[in-house]
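Undergrad: take a look and give me a structure for this.
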Amino acid sequence: MLVSNLSAALAARGVTNRVIALCDAATLGNTIEMEAILAEQIRNGGSDFVSLRLSKKRGPLEGAAALRKLLASSVPDVIHCHTARAVAMVALSGFRGSVILTHHNTRLSFPGYLFRAFDLVVDRYVAISPELEAIYRSLTRRPITLIPNAAAREFDAGAPRTAAGKPCLILSVGTISDQKNYGLVLETAAAMRDSNPEFARPKFLIAGGGQGLDELRMRSQDMGLFEDVEFLGERSDVRHLMASADILLNTSTYEGLPIAIIEAMGMALPIVATDVAGNRDLVAEGENGLLAPLDDPAGLAAAIGRVIVDADLYRSLSQGAVKKSGQFSIDVSADRHLALYRSAGR
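TA: Numbers count the residues shown, from 1 in each chain. Predicted coordinates for the structure are as follows:
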């Protein structure tokens with residue numbers, strides 16, 4: 001979503017840019033419908049979209065060959081890699097322009113010593129959070145620029161909310177994966193059901209697709225959560241879902257700087273989240289949301305219950321969410337990226 005939003009903002013500033021996917025969505029078990037929606041969004045925003053159509057392995061030699069062929073017709077000034085996997089492909093493709101890398105999680109998916117190899121190719125690194133910046137500084141001597149993630153302009157509720165609905169709608173957004181830890185959503189829903197709260201049992205909505213979706217649905221059924229949890233699948237109308245929801249729940253085991261939380265803050269949603277890297281950069285306890293320990297469904301259920309029953313707290317957290325969201329403007333992000341691209345020229 002960041003790349004899609006950023007491409008439109010850069011195009012509006014007169015920058016010719018192309019978004020390159022390493023492989024088709026179906027190759028990784030994602031839906032072709034969502035890929036088509038995002039591709040259309042990128043093109044309608046004034047940019048280009050193309051897939052290298054690599055195999056699931058996405059090996060460096062295969063990627064370099066496909067990228068070399070693509071670059072034969074149009075050579076960019078800058079290649080901005082949003083996955084470390086692409087760095088080797090760029091190096092082997094023969095590209096001689098500036099290379100920038102953004103890693104989007106506080107947990108590395110590769111050994112840290114690989115930064116010594118990255119530094120032979122990468123000119124600048126983008127850190128999306130102070131925690132990522134600290135990780136970079138411990139591993140590379142290349143210049144680092146801090147540019148936080150940002151949400152699209154449409155994620156703007158205009159005003160804070162006053163109270164949770166009856167029943168309260170609790171939304172979680174993101175691909176079904178171990179990182180997103182949606183099993184904890186189910187356990188939290190079960191904890192709220194079994195606590196027999198005085199208020200109407202909330203409804204948990206999970207918007208996201210992926211290879212683990214069917215297994216998660218079966219687990220929900222086994223737990224008897226037929227009335228408590230609804231799986232929405234991959235959705236392109238996240239703003240609409242957030243406008244209808246009352247609370248954003250993030251149960252991740254780790255994050256970079258989650259755009260779903262940034263979007264939810266813009267939509268004036270109080271946040272309840274696990275107290276992990278990434279979430280802590282966005283959620284200030286008692287100001288725009290509440291944090292609970294990782295893998296503590298009772299703690300998350302208690303936090304949700306507090307937000308539901310205390311209208312003053314709900315209103316205060318909603319106000320804090322709107323205020324915090326102002327720090328994550330896509331226009332500011334685009335300006336900072338453009339300044340970085342201009343300064344990175346070799």
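Undergrad: show me where the stretch 151-300 of the chain has its helices.
TA: Taking DSSP state H, counting those that start in this stretch as the test, the helices found in the stretch 151-300 of the chain are 183-194, 213-222, 238-244, 259-266, 279-282, 297-309.
Undergrad: go through the ones you listed and pick out the most buried.
TA: The highest mean neighbour count among the helices of the stretch 151-300 of the chain, using mean count of other CB atoms under 10 Å, belongs to helix 259-266: a mean of 27. In short, each C-beta sits where N, CA and C put it, glycine included.
Undergrad: okay if I get the helices of the stretch 151-300 of the chain as a markdown table plus mean pLDDT and distance to residue 32?
TA: Listed next are the helices of the stretch 151-300 of the chain as a markdown table, based on pLDDT from 0 to 100; distance: least, CB to CB, whole Å:
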| stretch | mean pLDDT | distance to residue 32 |
| --- | --- | --- |
| helix 183-194 | 96 | 26 |
| helix 213-222 | 96 | 16 |
| helix 238-244 | 98 | 19 |
| helix 259-266 | 98 | 22 |
| helix 279-282 | 96 | 31 |
| helix 297-309 | 97 | 34 |
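Undergrad: make CSV out of these and add distance to residue 68.
TA: Formatted as CSV, the helices of the stretch 151-300 of the chain follow (distance: least, CB to CB, whole Å):
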stretch, distance to residue 68
helix 183-194, 42
helix 213-222, 36
helix 238-244, 36
helix 259-266, 32
helix 279-282, 38
helix 297-309, 48
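Undergrad: so which of those comes closest to residue 331?
TA: helix 259-266 (13.2 Å; CB to CB).
Undergrad: output the contacting helices and strands for that closest one.
TA: In terms of contacts (3 or more CB pairs under 8 Å, 6 or more residues apart in numbering; DSSP states H and E), helix 259-266 is packed against strand 169-173, helix 238-244, strand 247-250, strand 271-274, helix 279-282, helix 311-325.
Undergrad: apply 6 Å and report the result again.
TA: In terms of contacts (3 or more CB pairs under 6 Å, 6 or more residues apart in numbering; DSSP states H and E), helix 259-266 is packed against helix 311-325.
Undergrad: ok, and what's touching stretch 164-184?
TA: Stretch 164-184 is touched from outside by 185, 200, 202-208, 210, 212-213, 216, 238, 241, 245-249, 251-253, 260, 308, 314, with contacts defined as CB atoms under 6 Å, 6 or more residues apart in numbering.
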